[in-house]
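Colleague: kindly generate the corresponding structure for this input.
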Amino acid sequence: MRRKVLAAALLIGTVSAPQVQAQEASAAVAASAAPAVDPAAVQALQKMGTHLQSMKRFSVSTDLTGERVLEDGQKLQHTATADLEVDRPDKIRVVMRSARSEREVFYNGSTVWLYTPAQKYYSSVPFDGNLKALVEQFRIRFGVEFPLADLFVWGTPDAPTDQFESAMYAGQDYIGSDVCDHYAFRQQDLDWQIWIKAGASPLPRKLVITRRDDDARPQSSSIIDWNVSPAFTNAVFTFKPPAGAKKVDIVPIKTKE
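Modeller: Numbers count the residues shown, from 1 in each chain. You can find the predicted model right below:
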């Protein structure tokens, strides 16, 4: 780049080599002074979280593509889908499907049911808390991972807005028919990108996560679709065992002493 600038200066005879060196030095200082964490990118994430927390009743679905890395480094993709019906603060139904399994979770504000349709096994656990607490406690106590769990964290004090090593705006893209603002973040062992619908309803429409604690850099990508005027009733949050279903106990994860 410097050689090209010097050559251009010699041709037009208006910029000397010392002037070019000074300009390059100024540019380098300006680049080094630019913040790694763009406050506008963090503010966009906070705005999205505030909007999400203001939504009381909605349904959301996602198509997930993930990667599994073999011992020789070869990557294998797998796909899954999830559908969530939500009525804040304490009602949710989740259906998770892949070629290997299907699982359902129901929570009506006082009881959580977990159901596997293929085996017709179900478990029930008394619970009293909001959806953020449900997602956290069932991951810790039973190893149950909820899809799109971050939807219940963004916009709360636990949202990661001060842990970034870098945060940047990456332009605009279409996700489906929506124009979205694209942001990229780095924190701890993760790089992640999010596409947020532009305009008055800043909903997350795509999420890509890359693990940096693995040399193979496995990645997961989720396309997120929203229905902000759903037609479901509260009956969907209470599980009714079908004929032949068998109740089993859910076993908590053993904690290290």
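Colleague: which residue ranges of the stretch 1-150 of the chain form helices?
Modeller: 2-12, 17-33, 39-54, 131-142 (DSSP state H, counting those that start in this stretch).
Colleague: quick one: low-confidence residue ranges for the chain.
Modeller: 1-35, 255-257 (pLDDT under 70).
Colleague: what about the strands in it?
Modeller: Here the chain has its strands, by DSSP state E, at 57-69, 75-87, 91-97, 102-107, 111-116, 121-126, 166-175, 178-187, 190-197, 204-211, 219-227, 246-247.
Colleague: looking at the ones you listed, which is closest to Asp38?
Modeller: Among the strands of the chain, the nearest to Asp38 by Cβ to Cβ is strand 166-175 (5.3 Å). For glycine as for every other residue, the C-beta is placed from the backbone atoms N, C-alpha and C.
Colleague: what angle do the closest one and strand 178-187 make?
Modeller: 150 degrees (axes from the mean of the first three to the mean of the last three Cα atoms, to 10 degrees).
Colleague: ok so, going back, export the strands of the chain as a markdown table, with columns for mean neighbour count and distance to Ala41.
Modeller: Shown next, in a markdown table, are these (neighbours: other Cβ atoms under 10 Å; distance: least, Cβ to Cβ, whole Å):
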| stretch | mean neighbour count | distance to Ala41 |
| --- | --- | --- |
| strand 57-69 | 17 | 23 |
| strand 75-87 | 16 | 26 |
| strand 91-97 | 19 | 29 |
| strand 102-107 | 19 | 33 |
| strand 111-116 | 19 | 36 |
| strand 121-126 | 15 | 39 |
| strand 166-175 | 14 | 4 |
| strand 178-187 | 18 | 5 |
| strand 190-197 | 20 | 10 |
| strand 204-211 | 19 | 14 |
| strand 219-227 | 17 | 19 |
| strand 246-247 | 10 | 48 |
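Colleague: ok, now which ones touch Ser110?
Modeller: 126-128 (Cβ atoms under 8 Å, 6 or more residues apart in numbering).
Colleague: excluding chain neighbours, what is closest to Phe138?
Modeller: Val144 (4.1 Å; Cβ to Cβ, 6 or more residues apart in numbering).
Colleague: please apply the same query to Trp113.
Modeller: Trp113's closest residue in space is Phe239 (Cβ to Cβ, 6+ apart), at 3.7 Å.
Colleague: swap in Val95?
Modeller: Asp83 (4.7 Å).
Colleague: mind listing the residues bridging to the one you found?
Modeller: With DSSP bridges as the criterion, Asp83 is bridged to Ser61, Val95.
Colleague: quick check: bridge partners of the most centrally placed residue in the chain?
Modeller: The chain has Leu207 as the residue nearest its centroid, 5.0 Å off, counting by Cα atoms, centre = their mean. Beta-bridge pairing of Leu207 under DSSP bridges involves Ile194, Ser222.
Colleague: was I right to think it contacts Leu190?
Modeller: No. Using Cβ atoms under 8 Å, Leu207 is not in contact with Leu190; the gap is 11.5 Å.
Colleague: what sits against the closest residue to Leu151 other than its chain neighbours?
Modeller: Take Leu151 and drop its neighbours on the chain: the residue closest to it by Cβ to Cβ, 6+ apart is Leu52, 6.0 Å away. Taking Cβ under 8 Å, 6+ apart, we find Leu52 in contact with 151, 154-155, 203-204.
Colleague: how near is the residue nearest to Phe138 to Ala200?
Modeller: 35 Å (Cβ to Cβ, to the nearest Å).
Colleague: which of these two has more residues huddled nearby?
Modeller: More neighbours surround Val144 than the other of Val144 and Ala200, with 19 against 6 (other Cβ atoms under 10 Å).
Colleague: look at the nearest residue to Ile140 once chain neighbours are set aside and say how many residues are nearby.
Modeller: Residue nearest to Ile140 in three dimensions, not counting chain neighbours: Ile253, with 7.6 Å by Cβ to Cβ, 6+ apart. For Ile253, the neighbour count with other Cβ under 10 Å is 10.
Colleague: that concludes my questions; thank you for your assistance.
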